[in-house]
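*Asks:* Make a model of this:
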Amino acid sequence: MDPLSVTASIIAVLQLTNAIIGYLNDVKGASKDRAQCAIEASNVYNLLVNLKYRLEEASSNDAWYTAVRALAVTNGPLDQYRSALEQLQSKVISTSTSGLGKIGSALTWKLSKEEVADILSKIERLKSLIQIALEMDHL
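*Replies:* Here you go, the predicted structure:
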């Protein structure tokens, strides 16, 4: 996978992360879980932005690029993070078609503690892997 493909994958995840953070800031009724998800997503967002810029300056010959490329493989950490965000998005975004139902549904928290723990686990895993990849760049 060339740097451009990895960068494109990262950009797609960045866009989804940004949308999720916006949704989480609007959700009411589960302040601790919502806040924790928003904070962790923001942390990953910042790491992914850093990684994206480093990739834009890198070449596929760089030794650390192999570790970064491993993040973007099919069913790899980026895909798992994207699926966790999509799961979060499906719970936060309203499926109601009526105006008031859509607003009310969008502003309530629908995730169980187990779902939140699973999503946070995936976020933490990706965050750790990105940090390792970024540290390898410094070596």
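
*Asks:* tell me the average confidence for stretch 71-78?
*Replies:* Model confidence over stretch 71-78, given as mean pLDDT, is 85.

*Asks:* got it, and stretch 9-26?
*Replies:* Along stretch 9-26, the predicted confidence averages to a pLDDT of 88.

*Asks:* contact partners of it?
*Replies:* With CB atoms under 8 Å, 6 or more residues apart in numbering as the contact definition, stretch 9-26 has outside contacts at 34, 37-38, 41-42, 44-45, 48-49, 51-52, 55, 72, 78, 81-82, 85-86, 88-89, 92-93, 106-107. Any C-beta I mention is one placed from the backbone N, CA and C, and that applies to glycine too.

*Asks:* can we see that at 6 Å?
*Replies:* Under the criterion CB atoms under 6 Å, 6 or more residues apart in numbering, residues 34, 37-38, 41-42, 45, 48, 52, 72, 78, 82, 85, 88-89, 92 lie in contact with stretch 9-26.

*Asks:* which of the residues you listed sit farthest apart?
*Replies:* When the contacts of stretch 9-26 are compared pair by pair using CB to CB, the two farthest from each other are R34 and A72, 28.4 Å apart.

*Asks:* for this structure, what helix or strand is lowest in average pLDDT?
*Replies:* When the helices and strands of the chain are compared on mean pLDDT, DSSP states H and E, helix 99-106 comes out lowest with a mean of 53.
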